[in-house]
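> this one's structure only:
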């Protein structure tokens, strides 16, 4: 799974930077065009709308969990990671909110049920138990985010949302790699005790 995500991301990243965005294969029937095969701005298909909703839910959780972790963690590397999550995901959330506003898409304001459950689980933990649970969740969440971004690149219609996905993907992959490294470090430390 990990190899597939990274291989696909590295293959798509250079193409995304130079490619024309918009996706004629997945156009909504009511799509209006500026010219042949180029949709007019701010038109979203079902994929774009679902992507926006799901990515916003994940971004909201990343900030909330990062803020929770900043005051709970024992490991300096986990604390640094949590701060990075708050900063980077706040910026991404703001960018996505601007795009959603232009498209009249409503973004979530609260955690979804899955994230509420994860928050309750994290609330009950302290110290190294918290560090391990938080970082394992970060690996899973960033795998989901990377796949969601790739899905938008492949199936979205809205060029600006696709550009957002292409611009955000390298950061999410870097977060995923760092989260995996920290999980490995925490596991090694636990084994040495």
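Noted; the coordinates are in hand. Worth saying up front: this structure is predicted, and the values here are computed from it rather than measured.
> Which parts of this structure are strands?
With strands called from DSSP state E, the chain shows them at 33-35, 38-39.
> mean confidence score for the last one?
When the per-residue pLDDT values of strand 38-39 are averaged, the result is 61.
> what residues are up against residue 63?
By Cβ atoms under 8 Å, 6 or more residues apart in numbering, the contact list for residue 63 reads 85-86, 89-90, 93. All C-beta spots, glycine's among them, are computed from the backbone N, C-alpha and C.
> Can you say which of these are buried?
85-86, 89, 93 (16 or more other Cβ atoms under 10 Å).
> among those, which are in helices?
Among those, DSSP state H puts 85-86, 89, 93 in helices.
> Please produce TSV containing those residues, extended by pLDDT.
Output for these, formatted as TSV (pLDDT from 0 to 100):
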residue	pLDDT
85	97
86	97
89	97
93	97
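> Specify which member of those is nearest to residue 121.
residue 85 (17.2 Å; Cβ to Cβ).
> thought that closest one was touching residue 66?
Yes: here residue 85 lies in contact with residue 66, judged by Cβ atoms under 8 Å, at a distance of 3.5 Å.
> So for this structure, the centremost residue is which one?
Taking Cα atoms, centre = their mean as the criterion, residue 145 is the residue nearest the geometric centre of the chain, at 3.6 Å.
> Could you verify my assumption that that residue touches residue 173?
No: using Cβ under 8 Å, residue 145 is not in contact with residue 173; the gap is 9.2 Å.
> Give me the neighbour count for the spatially closest residue to residue 56 that is not a sequence neighbour.
Spatial nearest neighbour of residue 56, excluding adjacent residues (Cβ to Cβ, 6 or more residues apart in numbering): residue 107 at 4.3 Å. Number of residues near residue 107 (other Cβ atoms under 10 Å) recorded here: 17.
> Against residue 93, how distant is residue 107?
8 Å (Cβ to Cβ, to the nearest Å).
> who touches both of the two?
With contacts defined as Cβ under 8 Å, 6+ apart, the residues shared by residue 107 and residue 93 are residue 56.
> Can you list the residue ranges for helices in the protein?
With DSSP H as the criterion, the chain has helices at 2-18, 46-70, 76-102, 113-123, 127-155, 159-192.
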